[in-house]
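[1] Compute the structure for the input listed below.
(chains A and B)
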Amino acid sequence: DVKVTQSSRYLVKRTGEKVFLECVQDMDHENMFWYRQDPGLGLRLIYFSYDVKMKEKGDIPEGYSVSREKKERFSLILESASTNQTSMYLCASSPPVLTAGELFFGEGSRLTVL
Amino acid sequence: GNSVTQMEGPVTLSEEAFLTINCTYTATGYPSLFWYVQYPGEGLQLLLKATKADDKGSNKGFEATYRKETTSFHLEKGSVQVSDSAVYFCALRRGGADGLTFGKGTHLIIQP
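    Residues are numbered from 1 along each chain as shown, chains lettered A, B, ... in the order given. All right, here's what the predicted structure looks like:
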């Protein structure tokens, strides 16, 4: 089975702190994604990556950056956390397919910024 | 651009009732369509999918048919159980490296 592992299920940080959310997948997938999930807004794409060291902005990249130094690992970085970044963050991966296949999701990281 | 619209709920049903959750989409070309489910405290799991018009996806008693003429992918189940209580997301994917475009989710509550 595909496994996508997010390093922290729950985090509490203070405003202005730098926050790292780590995601690792074990299926050699080329594509990796970071979404945030908020009540009433559903899931919104922050960034995605289709290869090592490659990244593309999603729908809401402001306030975030990402790093993909190794194929299996995709990190989301909040350079200076703010209270409006309190949310559930979901990482996902998928293989490169010509037809649009499904994404495989991790368990999520719930971040609270005080 | 791409978009997905689904009823937001909460939808409250009694056990063994018939379930329909409506989903319509806007996209160019021929996207693949998905239903994901999120149980409390967990990530998203793929429930079913369909990759072309008239395909029917099915899993765990749930079904959805890809209707290109009505741009819809409604989720149905004939007899729901308490364990089906969850949030259900309809989504589409155009292909390539792009991710999924999600609806806002429908919170389903099944009462015994």
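[2] in chain B, which segments are predicted with low confidence?
    Counting by pLDDT under 70, the ranges of chain B that qualify are B:95-97.
[3] list the buried ones in stretch A:88-106?
    Residues of stretch A:88-106 classed as buried: A:88-94, A:100-106 (neighbour count, 16 or more other C-beta atoms under 10 Å in any protein chain shown). In this view, the C-beta of every residue, glycine as well, is placed from N, C-alpha and C.
[4] Quick check: end-to-end length of it?
    11 Å (C-alpha to C-alpha, to the nearest Å).
[5] now swap in stretch B:55-68 and tell me
    With C-alpha to C-alpha as the measure, the ends of stretch B:55-68 fall 10 Å from one another.
[6] How about B:Lys77, nearest residue that isn't a chain neighbour?
    B:Leu19 (4.4 Å; C-beta to C-beta, 6 or more residues apart in numbering or on different chains).
[7] For that neighbour, which residues are in contact?
    With contact set as C-beta atoms under 8 Å, 6 or more residues apart in numbering or on different chains, B:Leu19 has these partners: B:11, B:13, B:75-77, B:80, B:84, B:108.
[8] Tell me how far it lies from chain A.
    Remark: distance between B:Leu19 and chain A (C-beta to the nearest C-beta, to the nearest Å) = 20 Å.
[9] Report the separation between that residue and B:Ser83.
    13 Å (C-beta to C-beta, to the nearest Å).
[10] Now do the strands in chain B.
    Ranges of strands within chain B are B:3-6, B:11-14, B:19-21, B:23-26, B:32-38, B:44-50, B:56-59, B:62-65, B:75-77, B:86-93, B:101-102, B:106-111, based on DSSP state E.
[11] now for these, which one comes closest to A:Arg44?
    Of all the strands of chain B, strand B:101-102 sits nearest to A:Arg44, with 7.9 Å by C-beta to C-beta.
[12] Which strands and helices lie in contact with the closest one?
    strand A:42-49, strand B:3-6, strand B:86-93 (3 or more C-beta pairs under 8 Å, 6 or more residues apart in numbering or on different chains; DSSP states H and E).
[13] quick one: strands adjacent to the second one?
    Right, strand B:3-6. Strand pairing for strand B:3-6, using DSSP bridges, gives strand B:23-26 (antiparallel).
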